[in-house]
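Asker: how does the following fold in three dimensions:
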Amino acid sequence: MTSLLPFWQTSPHLRGAVWKMSAFFCFSAINGIVRYLSQTAEALGHVALPAYEVAFFQNLLGLIFLVPWIVRNGPSSLKTQLPGLQTCRILLSALGVVLWYIALTYMPLSQAVALMFLGPLITTLGAKLFLRETLTRERTLAILIGFVGGGLVSHATFEGGLFSVFALLPILAATCFSGATLMVRRLTHEDSPQLIVVYLLVFMVPLLLVPTLLYGVWPESWQWPWLLMMGGCAAGAHLCLGKAFAAAEVTYLLPFGFTKWFASTLIGFLAFAEVPSLWTCLGAFVLMGAIIGLSYTGWTSLFSRRLPSPS
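Answerer: Below is the predicted model of the structure:
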C-alpha cells in the first residue's frame, strides 16, 4: 500500500477518477433510498414525503456530518472568494434535486439515470461557452449521437403516454446539475472542496425549508434512519465530487459517471425488481459511447504523457 502512495500523489487523473466513482456510488445509494421511501409509503397506504422535503432532510442531516470540519477550522474557513457564483450554484442545485427526486418517484431507476447522461453533453457545451474548453468536430458529433441515445431511452416512456411529462424531468434536472458542475469547476480554483460542500448544504437547507414547512408532512419513525443515511451519502458524495473536480478536468472525468447507471440499475433490480427495457439499455450504451467520444482527447493526452518518447 505504501508503494502506491507516491503514484496516488503524483497522478491527479487517478485521484479524480477514484473520487468521481466514489461520489457516484453514494449518489446511487441516495437514488435507491428515494425510490424506497416513495414506494414503501404507498405500500403502507401513507402519503410519501414530497421531493423538496426529502431534499431538505438530506441536506440538513448531511450538514451535521460536516459540523466537525466547521468547528475544527473556525468561522474564517467559511469565507468564500466567489459569493455570487456560490449563490447561483446553490439555486441550480436545489432546483435540480427537486426535479430529480420527483422523477425517481415515477420512473424506473435505470431509465431515469440513463436520461441523466444527457447532463455530460450539456456540460461539455457549457464548458465550451464558459470555461473555454475545446469543442472539436468529433466532440460535436459525439454530442449529436448522445442525444439520439437520449431519444432511445425515452422511447418507451413516451410510448406509454402516462409518463411523457415525467420523462422531461431528468433532462431538466440534468441541465441544472450541468450548470452547477461548471460552477464547481470554477469554484475549486478559489475555494476548498470542503467549503464548496458546506456552502451548498448550509444554504440549501433554508431554501428547501420554506416549502417543507408550508406543505410537508412529518416523517414517520421508519423513515428517519433512511433519511440519516441519505444525509451521510450526500455529504460524502459532494466531498468526493469536489475533490474529483479539483484533481482533474471536467471532460476527462465524464466517463466515470457510468458508475451511477450500473449501480442504480443493480439497486433497481435487486430492491424493486425493475428490469430495464431493451430501449433503455440500448440508449444508455449509446450515451456512454458518446460520452467516451467526448472525453477521447482527455484520455489520449493522459496516455501520451505516460508513453516514453522514441529514442
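
Asker: buried residues, stretch 173-185. List them.
Answerer: By neighbour count on 16 or more other CB atoms under 10 Å, the buried set for stretch 173-185 is 173-185. Where C-beta positions appear, they are placed from N, C-alpha and C, glycine not excepted.

Asker: where does pLDDT dip in the stretch 151-300 of the chain?
Answerer: 156-164, 251, 295-300 (pLDDT under 70).

Asker: how about the strands of it, start to end?
Answerer: For the stretch 151-300 of the chain, no strands are identified by DSSP state E, counting those that start in this stretch.

Asker: state the distance from F256 to V54.
Answerer: Using CB to CB, to the nearest Å, we find F256 at a distance of 26 Å from V54.

Asker: which of those two has more neighbours?
Answerer: Using other CB atoms under 10 Å as the criterion, F256 and V54 rank with V54 on top: 30 against 21.

Asker: so who does that one touch?
Answerer: By CB atoms under 8 Å, 6 or more residues apart in numbering, the contact list for V54 reads V34, L37, Y101, L227, M230.

Asker: helices and strands around the strand or helix carrying the first one, which ones?
Answerer: Read that as V34. V34 is part of helix 12-43, with elements assigned from DSSP states H and E. Other elements packing on helix 12-43 under the criterion 3 or more CB pairs under 8 Å, 6 or more residues apart in numbering; DSSP states H and E are helix 4-9, helix 51-73, helix 83-106, helix 109-116, helix 224-247, helix 250-253, helix 258-272.

Asker: most packed of those helices?
Answerer: Looking across the helices and strands packed on helix 12-43 with neighbours counted as mean count of other CB atoms under 10 Å, the highest average goes to helix 109-116: a mean of 28.

Asker: and for it, what's in contact with it?
Answerer: With CB under 8 Å, 6+ apart as the criterion, helix 109-116 contacts 28, 31-32, 35, 100, 103-104, 150, 153-154, 156-157, 167, 170-171, 173-174, 177, 260-261, 264-265, 267-268, 272, 274, 276-277, 280-281, 283-284, 287.

Asker: just name the closest of the buried residues of stretch 173-185 to H13, please.
Answerer: Nearest to H13 among these, counting by CB to CB, is R185 at 15.3 Å.

Asker: assess the claim that that closest one and F245 are in contact.
Answerer: Yes: contact status for R185 versus F245: in contact at 5.3 Å, counting by CB atoms under 8 Å.

Asker: if we can go back for a sec, which stretch among the helices and strands packed on helix 12-43 comes nearest D191?
Answerer: Each of the helices and strands packed on helix 12-43 was scored for nearness to D191 using CB to CB, and the closest is helix 83-106 (7.9 Å).

Asker: mind checking how far that closest one is from the chain centre?
Answerer: How far helix 83-106 lies from its chain's middle: 10 Å, per CA atoms, centre = their mean, to the nearest Å.

Asker: tell me which other helices or strands it touches.
Answerer: Where contact means 3+ CB pairs under 8 Å, 6+ apart, helix 83-106 is packed against helix 12-43, helix 51-73, helix 109-116, helix 168-187, helix 193-215.

Asker: dump the C-alpha coordinates for the shortest one into PDB.
Answerer: The C-alpha coordinates for helix 109-116 follow below in PDB (Å, rounded to 0.1, in the frame of the first residue of the first chain):
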ATOM      1  CA  LEU A 109     -34.100   3.900 -11.700                       C
ATOM      2  CA  SER A 110     -32.300   2.600 -14.900                       C
ATOM      3  CA  GLN A 111     -34.300   4.900 -17.200                       C
ATOM      4  CA  ALA A 112     -34.100   8.000 -15.100                       C
ATOM      5  CA  VAL A 113     -30.400   7.700 -14.600                       C
ATOM      6  CA  ALA A 114     -29.800   6.900 -18.300                       C
ATOM      7  CA  LEU A 115     -31.600  10.200 -19.200                       C
ATOM      8  CA  MET A 116     -29.400  12.000 -16.800                       C
END
